[in-house]
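with the input below, show me the fold.
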Amino acid sequence: MTTQRPDSPPALRVASYNIRKAVGLDRRRDPARIVEVLAEIAPDIAVLQEVDTRVPPRRAVLSPASMEAHAGLRLLDPSVGLGRTGFHGNTIALAPHIELLDLDAIDLPGLEPRGAVMARLRLPDGELFLVGCHLPLVATFRREAVARLVEVVRGAGDARWLIAGDLNEPRPVGALSPFAEGARILPAGLSFHTRMPRFPLDRFILSPHLTGAAHVHRSAAARIASDHFPVVATLTAA
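Predicted coordinates:
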């Protein structure tokens, strides 16, 4: 957690990272580079996409032991068998001081398998309902997926909630417009492609209970580890 004055609310550092199955721009699969980037960021929570291979049995590309040893994060496993980590490629990793209370997953509409992981977390200052997702490339399915996510966060009631992930929406709002009222679409910057960043695909959506700022993490390691830069949000209670 970021150091704060005693009278300030604690800040939460959340990273979202499409790791592209740990395949870098040199076309080598090197999970150690992903772990290095996450260690640079030192998040309290990391929301990850494309964490398993595309071809069945879709095996995990990240080692829980390496993540814990080198990035101080424990990988959660919302998969349904096959020994893999991730639901349709999505998972969450937590720092030791973040407590997991509940973990679930849902399917999202689309031509290719898409989904979201959902976690209820206990933070030092209360609970947070977190959704990590990778939205469809096709705009029609992306709008349908957003409608499903709206239903999901409404189910959180008055709790603080956060959506993070590769939203695949190149426009400032676009298919995310259902969140434009009553929530905040937090811009981070141009996160895709790492070779020449042109699109703000990776973003955060905050409930009214949260405020903060976000940025793109453009380190030397991040420039080659994946085709997406990670985005990082620093959040506090509103």
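
now the residue nearest the centre of the chain. Nearest residue, chain neighbours left out?
Closest to where the C-alpha atoms of the chain average out (Cα atoms, centre = their mean) is V47, at 2.8 Å. Nearest non-adjacent residue to V47, counting by Cβ to Cβ, 6 or more residues apart in numbering: G132, 3.8 Å away. C-beta coordinates here come from the backbone N, C-alpha and C atoms, glycine included.

how about the strands in the protein?
Listed in chain order, the strands of the chain (DSSP state E) span 12-18, 45-49, 74-75, 91-94, 99-108, 114-123, 126-134, 161-166, 184-186, 202-206, 210-216, 231-237.

could you export those strands as a markdown table, including mean pLDDT and distance to R223?
Shown next, in a markdown table, are these (pLDDT from 0 to 100; distance: least, Cβ to Cβ, whole Å):
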| stretch | mean pLDDT | distance to R223 |
| --- | --- | --- |
| strand 12-18 | 98 | 13 |
| strand 45-49 | 97 | 18 |
| strand 74-75 | 94 | 24 |
| strand 91-94 | 96 | 22 |
| strand 99-108 | 92 | 30 |
| strand 114-123 | 93 | 27 |
| strand 126-134 | 96 | 21 |
| strand 161-166 | 98 | 18 |
| strand 184-186 | 95 | 23 |
| strand 202-206 | 98 | 15 |
| strand 210-216 | 97 | 11 |
| strand 231-237 | 96 | 14 |
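
how about those strands in JSON lines, adding distance to R27?
Listed next are the strands of the chain as JSON lines, based on distance: least, Cβ to Cβ, whole Å:
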{"stretch": "strand 12-18", "distance to R27": "17"}
{"stretch": "strand 45-49", "distance to R27": "19"}
{"stretch": "strand 74-75", "distance to R27": "25"}
{"stretch": "strand 91-94", "distance to R27": "23"}
{"stretch": "strand 99-108", "distance to R27": "29"}
{"stretch": "strand 114-123", "distance to R27": "25"}
{"stretch": "strand 126-134", "distance to R27": "21"}
{"stretch": "strand 161-166", "distance to R27": "20"}
{"stretch": "strand 184-186", "distance to R27": "32"}
{"stretch": "strand 202-206", "distance to R27": "22"}
{"stretch": "strand 210-216", "distance to R27": "23"}
{"stretch": "strand 231-237", "distance to R27": "24"}
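
wait, which of these is closest to R28?
strand 12-18 (17.2 Å; Cβ to Cβ).

who are the packing partners of that closest one?
helix 31-41, strand 45-49, strand 126-134, strand 161-166, strand 202-206, strand 231-237 (3 or more Cβ pairs under 8 Å, 6 or more residues apart in numbering; DSSP states H and E).

distance to I19 added to these, as CSV?
Below are those laid out as CSV (distance: least, Cβ to Cβ, whole Å):
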stretch, distance to I19
helix 31-41, 5
strand 45-49, 6
strand 126-134, 11
strand 161-166, 10
strand 202-206, 11
strand 231-237, 13
